[in-house]
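> Sequence unavailable; structure follows:
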């Protein structure tokens, strides 16, 4: 019996799932793609693991990659616009 | 084809306040991820907002202000800032292609980086790993994951086909995972 890693290299279902899972996570998938991915994830621990990791990675980027806005930047821009275009 | 609308000064001020000023924080973040320098990011945002105001007649109210503004930021960056940007340890493109085209390598990267490691141990390393990506890859990750643009919007902002958006995103995520996997290994969070 093949282990999960071997299956992921050779099983067309896993390859399709991993490609379409990206579309699902990016909210770009069609309904049939969403259904396919959901069904496959229910039966494949490897793809399910990858899906959760990919999902977490996107959340990490969202949570950890923000940059605090410098104080007064808006005021500086308004002042510049006033001086140039008023 | 862009249709010009002649707004009055008062209309311009209202549009700017309502549609563009709320986008300042996102714009600064995008500018910082492009330039990787706080002062350059401030200048880039300021220049881009001034440009947006100047060319406001080509913006149609009710359309996507964020995509319109981000396109200006991207163009301003390419035209005026890209030369002086400090690019961190650029990735060799040929190495990347070879690595990317290896099915085994791809499978490995997606299996080595596990959810528990990502969430528990290396979450703070994500920003560093993002900054280390080559700019074209960094940009699509920021636009997609941080700013929530659709593939179609990204294609318009970056002037590239949707297929290229998808392939860049795919490669960017692959490299990002590889970098985080390497980091996790160095720190002893994973085996191998």
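Happy to help now that I have it. Keep in mind that this is a model prediction, so the values were computed, not measured.

> what are the ranges of the helices in chain A?
With DSSP state H, the ranges of helices along chain A come out as A:4-10, A:12-25, A:31-43, A:45-64, A:73-85.

> Now residue B:176: closest residue in space, sequence neighbours ignored.
Nearest-residue entry for residue B:176: residue B:129, 5.6 Å, with adjacent residues in sequence omitted and distances by CB to CB, 6 or more residues apart in numbering or on different chains. Where you see a C-beta, it was placed from the backbone N, CA and C, and this is true even at glycine.

> For the chain, give me the ranges with low pLDDT.
Chain wasn't specified; assuming chain A. Residues of chain A that meet the criterion pLDDT under 70 lie in A:1-11.

> wrong one, I was asking about chain B
B:1-2, B:83-112, B:190-192.

> and the lengthiest helix in it, which residues are buried?
Across chain B, the helix with the greatest residue count (assigned by DSSP H) is helix B:162-186. Residues of helix B:162-186 classed as buried: B:164-166, B:168-181, B:183-184 (neighbour count, 16 or more other CB atoms under 10 Å in any protein chain shown).

> cool, and stretch B:117-126?
B:117, B:118, B:121, B:122, B:123, B:125, B:126.

> Using JSON lines, lay out those residues together with secondary structure.
Below are the buried residues of stretch B:117-126 laid out as JSON lines (DSSP: H, G, I helix; E, B strand; the rest coil):
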{"residue": "B:117", "secondary structure": "helix"}
{"residue": "B:118", "secondary structure": "helix"}
{"residue": "B:121", "secondary structure": "coil"}
{"residue": "B:122", "secondary structure": "coil"}
{"residue": "B:123", "secondary structure": "coil"}
{"residue": "B:125", "secondary structure": "helix"}
{"residue": "B:126", "secondary structure": "helix"}
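
> restrict these to those near chain A?
Filtering the buried residues of stretch B:117-126 for neighbours of chain A using CB under 8 Å from any CB of the partner chain leaves B:118, B:123, B:126.

> correct me, but the first one touches residue B:180?
Yes. Taking contact to mean CB atoms under 8 Å, the distance of 6.8 Å between residue B:118 and residue B:180 places them in contact.

> if I look at those two, which residues touch both of them?
Common contact partners of residue B:118 and residue B:180 (CB atoms under 8 Å, 6 or more residues apart in numbering or on different chains): residue A:57.

> any idea how far the nearest residue to residue A:41 once chain neighbours are set aside is from residue B:22?
Distance criterion CB to CB, 6+ apart; nearest residue to residue A:41, sequence neighbours excluded, is residue A:48 at 4.6 Å. Noted for residue A:48: a distance of 38 Å to residue B:22, by CB to CB, to the nearest Å.
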